[in-house]
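*Asks:* After the sequence you'll find the predicted model.
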Amino acid sequence: MDESVPAALSPAPAAIRAKRRRHRHRPAYQWIAALVALNLAWRTVRYLLNFPMWGDEAFVAVNFFDRGFADMLRPLDHYQIVPVGFMWLNLAAARLLGTGEMALRLTPFIAGLASMPLMAMMASRVLGRRAALLAVAIFAASYYPVRHAAEVKPYSMDLLAGVTVLILAWRVHERPASVLRWLTFAFVCAAAVWCSYPVVFVAGGAYSVLACDAWTHRRRPAALAPWLLGGLTLGASFATMYATVGAAQAADGAVLYESSTWREFFPPLREPWRLPWWLLETHAGNLLAYPVGGRNFGSAATLIMVIAGGIALWRSRRRALLMLLISPFILMFIAAALGMYPYGGSARTNQHIAPAVCLLAGVGLLAIFRGLWAPRIAFHAARIAAVAMAVIIVAGMIADVASPTKRTSDALAREFARDFGQRAGPGDRLVIFGALGEHDLAPDFLNLGGSAARLRYDLQRYGRTDLEWATAPSSLIADAEAARQPMTIWILAYHDNDAPFPRKKFNAWRAPLVKRFGPPDVERHDLGHRLEAVELHRFRIEPAP
């Protein structure tokens, strides 16, 4: 030390080491900030491209045209299972901004934007700088969180709720004596289950980890008190939500659990010899599709990274963090074994565990690098991996700009609805050969696929006439005969890909109109995906002299 500098003014060794450490760590956190910015740009580009509505989100979107806030407590059209908190937030946006695609996607978009910096915050808080960099890079480059942030579905809200609960649970773990942290954690968990169904797995897992913390604390009764009160609050909130909304939705949507699409997402407990292969196939499939992956072992690399991350956390005695990250999987498997919630199969229904997957994968990838190479080479490998993730993000933005639609048929359906909206006047009648429920003569639109729901949304979004469902021909004839001005009746017949069009029923239903007004002008609009098409039958009626 320079003796010319007074000892009181010279920096302490600890302060010097801290300053050097911050300086050394700064590049990693700058990289994290750059990845966060790139991801937010990708999300914004995809949202602003205003993709045409596609079937799965149209199932939810059609519920915002004719329902009020109280109506959202009733079962939704098309047997949708969606938290009422999400529906209320979206309905508020629709009341303020309309029912356009961007307005209905605003809530998921905001949730997606918030989840990215929160994920970076969580990674930086619980992991070392290099593992945090890799975890954030994997998350930022992942397709599904970006995609679902621009869709009218609650999956983006599941992600936001999941990462928020993780952060708050870890804060309680760090300072279990803090009343404010316990209150914040308990309140957020209790409120979150109204906006996200699967977040209960994350919250339940967090409470389990905090219970272990409390049990090992010296003053067990005092330590268990906030855990017990918080757990009771979460249970009461979830029970109230389920009794008022969830049970009716679950009963109405029971057809989903019985469908072949969802059946494979439940463990084959009746055939236990198949369980090991099912577990391997499930975890190497869409469940762990981060940053990329898919079915048929498309996510095998991510599975290896996650396993390596779990082993690394266990060896480093970071077992509380490990249990916090894997506990939702345990509760999800139990729920799937009871037939209550699907396990795996689809990344979209498992967005609540995306932060845990990416955190484990980041730790695992760094552990693999360190196992293969010397520390300096492993450090450069981590940076190269981060750059590769940035390339994936840029490629994702380019792909979205080049093809701003999920399917060509979605764009064609929207184009058809826009064109029809320009052709049909406010005084015209648009009658759908279909019904929102069982009908003797017309098909049930609620039982048709997502493409039918998408067409329903597009017609309501861009048309200037109200949709009428299987209006009786006698009523149409009476209205036309009473009209004093020219009148046009449009009959729309939808051809679904998976349900044969009931031509005989249609001709029988239309026959009284043809007999009274003569043959209509008929147009057919193919929507470009297999057999999907729309027939328009136009009756132009002049008033009687």
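*Replies:* It's in.

*Asks:* which residue is nearest the centroid of this protein?
*Replies:* Central residue check for the chain by C-alpha atoms, centre = their mean: the C-alpha nearest the mean position is that of residue 155, 1.8 Å away.

*Asks:* got a list of what it touches?
*Replies:* For residue 155, the contact set (C-beta atoms under 8 Å, 6 or more residues apart in numbering) comprises 108, 148, 348-349, 351. No exception for glycine: its C-beta is placed from N, CA and C like everyone else's.

*Asks:* Residue 76: what's it in contact with?
*Replies:* By C-beta under 8 Å, 6+ apart, the contact set of residue 76 is 60, 63, 82, 87, 249, 252.

*Asks:* so what pLDDT did it get?
*Replies:* Here the pLDDT value assigned to residue 76 is 93.

*Asks:* low-scoring stretches of the stretch 101-250 of the chain, by residue?
*Replies:* Applying pLDDT under 70 to the stretch 101-250 of the chain picks out residues 217-223.

*Asks:* let's see 80
*Replies:* Low-confidence regions of the stretch 101-250 of the chain, defined by pLDDT under 80, span residues 214-224.

*Asks:* hmm, back to that, among the contacts of residue 155, which pair sits farthest apart?
*Replies:* Looking at the contacts of residue 155 by C-beta to C-beta, the two members farthest from one another are 108 and 349, with 14.6 Å of separation.

*Asks:* more neighbours, the two?
*Replies:* residue 108 (26 against 22; other C-beta atoms under 10 Å).

*Asks:* and that one, what is it in contact with?
*Replies:* For residue 108, the contact set (C-beta under 8 Å, 6+ apart) comprises 148-157.

*Asks:* Can I get the buried ones among the residues you listed as something I can paste into PyMOL?
*Replies:* Here is the PyMOL selection string for the buried members of these, based on 16 or more other C-beta atoms under 10 Å:
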select buried, resi 148+149+150+151+152+153+154+155+156+157
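
*Asks:* got a markdown table for the contacts of residue 108, with secondary structure too?
*Replies:* A markdown table is the format used below for the contacts of residue 108 (DSSP: H, G, I helix; E, B strand; the rest coil):
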| residue | secondary structure |
| --- | --- |
| 148 | helix |
| 149 | coil |
| 150 | coil |
| 151 | coil |
| 152 | coil |
| 153 | coil |
| 154 | coil |
| 155 | helix |
| 156 | helix |
| 157 | helix |
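
*Asks:* Of the contacts of residue 108, just say which sits nearest to residue 267.
*Replies:* Using C-beta to C-beta as the measure, the one of the contacts of residue 108 that approaches residue 267 most closely is residue 155, at 22.4 Å.

*Asks:* so what's that closest one closest to, chain neighbours aside?
*Replies:* The spatial neighbour of residue 155 that comes closest, neighbours along the chain excluded (C-beta to C-beta, 6 or more residues apart in numbering), is residue 148 at 4.0 Å.

*Asks:* Neighbours of residue 280, how many?
*Replies:* Under the neighbour criterion other C-beta under 10 Å, residue 280 is assigned a count of 13.

*Asks:* What is the helix or strand where it lies packed up against?
*Replies:* Assessed by DSSP states H and E, residue 280 sits inside helix 275-283. Taking 3 or more C-beta pairs under 8 Å, 6 or more residues apart in numbering; DSSP states H and E as contact, there are no helices or strands that helix 275-283 lies on.

*Asks:* how big is the angle separating whichever helix or strand comes after it from helix 275-283?
*Replies:* On the C-terminal side of helix 275-283, the nearest following helix or strand under DSSP H and E is helix 300-315. Computed with axes from the mean of the first three to the mean of the last three C-alpha atoms, to 10 degrees, the direction of helix 300-315 lies at 100 degrees from that of helix 275-283.

*Asks:* Any buried residues in helix 300-315, and which?
*Replies:* Neighbour-count burial for helix 300-315, with 16+ other C-beta under 10 Å as criterion, is recorded at 301-306, 308-310, 312-313.

*Asks:* would JSON lines of the residues you listed with pLDDT and distance to residue 185 be doable?
*Replies:* Formatted as JSON lines, the buried residues of helix 300-315 follow (pLDDT from 0 to 100; distance: C-beta to C-beta, whole Å):
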{"residue": "301", "pLDDT": "96", "distance to residue 185": "34"}
{"residue": "302", "pLDDT": "96", "distance to residue 185": "29"}
{"residue": "303", "pLDDT": "97", "distance to residue 185": "30"}
{"residue": "304", "pLDDT": "97", "distance to residue 185": "33"}
{"residue": "305", "pLDDT": "98", "distance to residue 185": "29"}
{"residue": "306", "pLDDT": "97", "distance to residue 185": "26"}
{"residue": "308", "pLDDT": "97", "distance to residue 185": "30"}
{"residue": "309", "pLDDT": "97", "distance to residue 185": "24"}
{"residue": "310", "pLDDT": "97", "distance to residue 185": "24"}
{"residue": "312", "pLDDT": "97", "distance to residue 185": "27"}
{"residue": "313", "pLDDT": "97", "distance to residue 185": "22"}
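
*Asks:* Find the pair from those residues with maximum spatial separation.
*Replies:* Maximum pairwise distance among the buried residues of helix 300-315 (C-beta to C-beta): 19.0 Å, between 301 and 313.

*Asks:* Which segments of this structure make up each domain?
*Replies:* For the chain, the structural domains run 13-399, 408-541, going by automatic domain parsing.

*Asks:* Comparing those, which comes out most buried?
*Replies:* With neighbours defined by mean count of other C-beta atoms under 10 Å, none of the domains of the chain is more surrounded on average than domain 13-399, at a mean of 19.

*Asks:* chain center to that domain: distance?
*Replies:* The chain centroid and the centroid of domain 13-399 are separated by 10 Å under C-alpha atoms, centre = their mean, to the nearest Å.

*Asks:* Check what pLDDT residue 20 gets.
*Replies:* The model's pLDDT for residue 20 equals 49.

*Asks:* Please, where are all the helices along the stretch 301-450 of the chain?
*Replies:* Per DSSP state H, counting those that start in this stretch, the stretch 301-450 of the chain carries helices over the ranges 319-337, 354-372, 375-402, 408-423, 450-462.

*Asks:* Paired strands for the helix or strand following the shortest one, with orientation please.
*Replies:* Next in sequence after helix 450-462, counting helices and strands by DSSP H and E, comes strand 467-469. In the sheet containing strand 467-469, its partner strands are strand 429-432 (parallel), by DSSP bridges.

*Asks:* Low-confidence regions, the stretch 401-545 of the chain specifically.
*Replies:* For the stretch 401-545 of the chain, applying pLDDT under 80 flags the ranges 426, 484, 529, 543-545.

*Asks:* wait, what's in contact with the residue lying closest to residue 192 once chain neighbours are set aside?
*Replies:* Setting aside the residues directly before and after it, residue 192 is nearest to residue 161 in space (C-beta to C-beta, 6+ apart), at 4.3 Å. Contact analysis of residue 161 by C-beta under 8 Å, 6+ apart lists 192, 195-196, 199, 202, 352.
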